[in-house]
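**Q** The amino acid sequence is not available; the structure is as follows:
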């Protein structure tokens, strides 16, 4: 992730973001994922390639993603999609992160007098 | 704006020369990303050269790109190790051990019936077979140094040294047995041990052939 203040915060949630993005689509390729995140966050959040591809490869090695290579515009394009395990895992991880963020919000919104 | 074949070759060369990207799966994936970024910049009116410079910058330049390859290598090597362990486990089961033990007994019984010089020559041949297989694998993989298979070769090369050590130890066994007063008994025992060890090493060497045949494309299909 390129925006410095966000980089550490986003590091642990990148894989969940990828799983969530792929949950709603049949398949996506690397560049498309970076652009989608940028678009959804109105440019507030950008994923660098150095963070994206290792995360994608790790999810693939874990068996959560499957890949398919197709020749597009004269070059090979690698598409990622969720496996059945990935689909189940995506639901679980998204719920886990949402619960964590809810709890984090409670702590961050704590009034000083309490 | 779509890139021409020459422009794609130019970008590919950038990745290979400036970031030392050598493995085809990483190279292809990064080339697509690099090309798409370049096309985006060209759509704003930039020339190809200018757009590719901006795209290179966006891509994290050489160092950032190399990290992607390093991560990829570590990832594939981990997969290779896991798969190899599964293959080795499937080979080293009781039928293999029983056959090896029976062959060992057979060698022990047959050695006295063969002239000593022939036995020694045969043992050297047997001892060298597993190493010969690994050397053959090494030679074969040198022909495709940019594929994932090259990483299998690296694993095999590491183990080749262990095989060479085993060959030296076995040779020493043979040398010490020659000229001994109870030469025949020594030769029988040494032959049996050597054959048993070599059969196990042979199975181990063959496991690399199976690993190589799988080609590590099991997660990727070409549409």
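**A** It's in. It should be emphasised that the depicted structure is a prediction, and the values quoted were computed from it without experimental measurement.

**Q** helices or strands next to the top helix by length along chain A in the packing?
**A** Ranked by residue count and defined by DSSP state H, the top helix of chain A is helix A:84-108. Judged by 3 or more C-beta pairs under 8 Å, 6 or more residues apart in numbering or on different chains; DSSP states H and E, helix A:84-108 is in contact with helix A:14-23. C-beta: built from backbone N, CA, C; applies to glycine.

**Q** Now do the SS call for the residue lying farthest from the centre of chain B.
**A** Using C-alpha atoms, centre = their mean, the residue of chain B lying farthest from its centre is residue B:45. It sits 47.3 Å away. What DSSP: H, G, I helix; E, B strand; the rest coil gives for residue B:45 is coil.

**Q** still on that earlier bit, buried sites along the longest helix of chain A?
**A** A:86, A:89, A:90, A:93, A:97 (16 or more other C-beta atoms under 10 Å in any protein chain shown).

**Q** go on, stretch B:135-142?
**A** By 16+ other C-beta under 10 Å, the buried positions in stretch B:135-142 come out as B:135, B:137, B:141.

**Q** so the last one sits in a strand?
**A** No. When the secondary structure is assigned by three-state DSSP, residue B:141 falls in helix instead of a strand.

**Q** so it makes contact with residue B:212?
**A** Yes. Contact criterion C-beta atoms under 8 Å: residue B:141 and residue B:212 qualify, at 7.5 Å.

**Q** How is chain B partitioned into domains?
**A** Split into domains by automatic domain parsing, chain B comes to B:5-67, B:92-214.

**Q** and the ones you listed, which one's lowest on average pLDDT?
**A** Of all the domains of chain B, the segment with the smallest mean pLDDT is domain B:92-214, scoring a mean of 77.

**Q** Can you pull the residues of chain A lying near chain B?
**A** For chain A, the contact set with chain B under C-beta under 8 Å from any C-beta of the partner chain comprises A:29-31, A:48-50, A:53-54, A:57-58, A:60-61, A:66-70, A:72-78.

**Q** among the residues you listed, which are in strands?
**A** A:29, A:66, A:67, A:68, A:69, A:70, A:72, A:75, A:76, A:77, A:78 (DSSP state E).

**Q** Counting neighbours, what do you get for the second one?
**A** Using other C-beta atoms under 10 Å in any protein chain shown, residue A:66 has 19 other residues around it.

**Q** How many residues are close by the closest residue to it other than its chain neighbours?
**A** Leaving aside its chain neighbours, residue A:66 sits nearest to residue A:83 (5.0 Å; criterion: C-beta to C-beta, 6 or more residues apart in numbering or on different chains). Residue A:83 has 16 neighbouring residues, counting by other C-beta under 10 Å.

**Q** what sits against residue A:83?
**A** Shown in contact with residue A:83 (C-beta atoms under 8 Å, 6 or more residues apart in numbering or on different chains): A:63, A:64, A:65, A:66.

**Q** Verify the stated contact: the first one with residue A:82.
**A** No. In this structure residue A:63 lies outside contact range of residue A:82 using C-beta under 8 Å: 10.6 Å.

**Q** Off-centre distance for stretch B:9-22?
**A** Put simply, stretch B:9-22 sits 25 Å off its chain's centre (C-alpha atoms, centre = their mean, to the nearest Å).

**Q** buried residues in that stretch?
**A** Residues of stretch B:9-22 classed as buried: B:11, B:12, B:14, B:15, B:19, B:21 (neighbour count, 16+ other C-beta under 10 Å).

**Q** In contact with the last one, which residues are there?
**A** Looking back up the chat, that one is residue B:21. B:15, B:27, B:30, B:65, B:66, B:69.

**Q** quick check, it in a helix?
**A** No. Under three-state DSSP, residue B:21 sits outside any helix and is assigned coil.

**Q** what about the closest residue to it other than its chain neighbours, helix or strand, and which?
**A** In space, and not counting its chain neighbours, residue B:21 is closest to residue B:15: 4.5 Å by C-beta to C-beta, 6+ apart. When elements are assigned from DSSP states H and E, residue B:15 belongs to helix B:5-18.

**Q** Ok, residue B:121 next?
**A** Per DSSP H and E: residue B:121 is located in helix B:116-142.

**Q** a markdown table for the contacts of residue B:21, including secondary structure?
**A** Below are the contacts of residue B:21 laid out as a markdown table (three-state DSSP):
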| residue | secondary structure |
| --- | --- |
| B:15 | helix |
| B:27 | helix |
| B:30 | helix |
| B:65 | helix |
| B:66 | helix |
| B:69 | helix |
